[in-house]
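>>> need coordinates for the following:
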Amino acid sequence: MRQARISDHAVLVDCIQRWWSASRTPEQARELSLLLPRLFLQHFARTSLVLEDATGIHGFLIGFHSGDHPDEAYIHFVGVDPDRRGQGLARDLYAAFFERARRSGRRIVRAITAPANTGSVAFHRAMGFELVPGDREVDGVPVHSDYDGPGQPRVAFTITLDQSEP
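As a prediction, this is how the structure comes out:
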């Protein structure tokens, strides 16, 4: 695991398009990759992580420490190679991000996902995130209508970091 670099951008965009191609059309996978513009690596590489070995990148986490809320951090985008899922890589990325956030005095980490992404909802809950109450529910999950614009609902999560851990 290493800190992300600006030079990772093109490879990460390619990873997103390949890794999500089984669950989306090529156009949808391309649109998903637009959630990772270069600016995230230009301004938040220090707080973002990449899992890589000699065979390539197998996972990444794009996150940052809030500039407006000094006790908060935010996880923006996480991806794991489908051939490596179920091996704890996402959990390792989150744990490393939590530790870095904790060392920087962050107490709270936030994240969002789409209501249809039931795997992401289950993962965040298993990691200890709490669901933030929304303005409606979908399948028993609180949802924030129009969170990212008209017709773009999101499930919001928050977790409080244990400050006593080393």
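
>>> mind listing the strands in this protein by residue range?
Assigned by DSSP state E, the strands in the chain fall at 2-3, 49-53, 56-65, 72-80, 108-113, 130-131, 136-138, 141-143, 155-160.

>>> how about the helices in the chain?
Secondary structure of the chain, counting by DSSP state H: helices at 9-19, 26-33, 39-43, 89-103, 118-126.

>>> could you export the strands of the chain as CSV, including mean neighbour count and distance to residue 24?
Quick note: C-beta positions are derived from backbone N, CA and C, even for glycine. As requested, the strands of the chain are exported to CSV (neighbours: other CB atoms under 10 Å; distance: least, CB to CB, whole Å):
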stretch, mean neighbour count, distance to residue 24
strand 2-3, 10, 28
strand 49-53, 17, 22
strand 56-65, 20, 18
strand 72-80, 21, 13
strand 108-113, 20, 15
strand 130-131, 14, 25
strand 136-138, 13, 20
strand 141-143, 16, 21
strand 155-160, 18, 19
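
>>> turn these into JSON lines, including mean pLDDT and distance to residue 94.
Shown next, in JSON lines, are the strands of the chain (pLDDT from 0 to 100; distance: least, CB to CB, whole Å):
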{"stretch": "strand 2-3", "mean pLDDT": "97", "distance to residue 94": "16"}
{"stretch": "strand 49-53", "mean pLDDT": "97", "distance to residue 94": "9"}
{"stretch": "strand 56-65", "mean pLDDT": "97", "distance to residue 94": "7"}
{"stretch": "strand 72-80", "mean pLDDT": "97", "distance to residue 94": "7"}
{"stretch": "strand 108-113", "mean pLDDT": "98", "distance to residue 94": "8"}
{"stretch": "strand 130-131", "mean pLDDT": "97", "distance to residue 94": "15"}
{"stretch": "strand 136-138", "mean pLDDT": "94", "distance to residue 94": "24"}
{"stretch": "strand 141-143", "mean pLDDT": "97", "distance to residue 94": "20"}
{"stretch": "strand 155-160", "mean pLDDT": "98", "distance to residue 94": "9"}
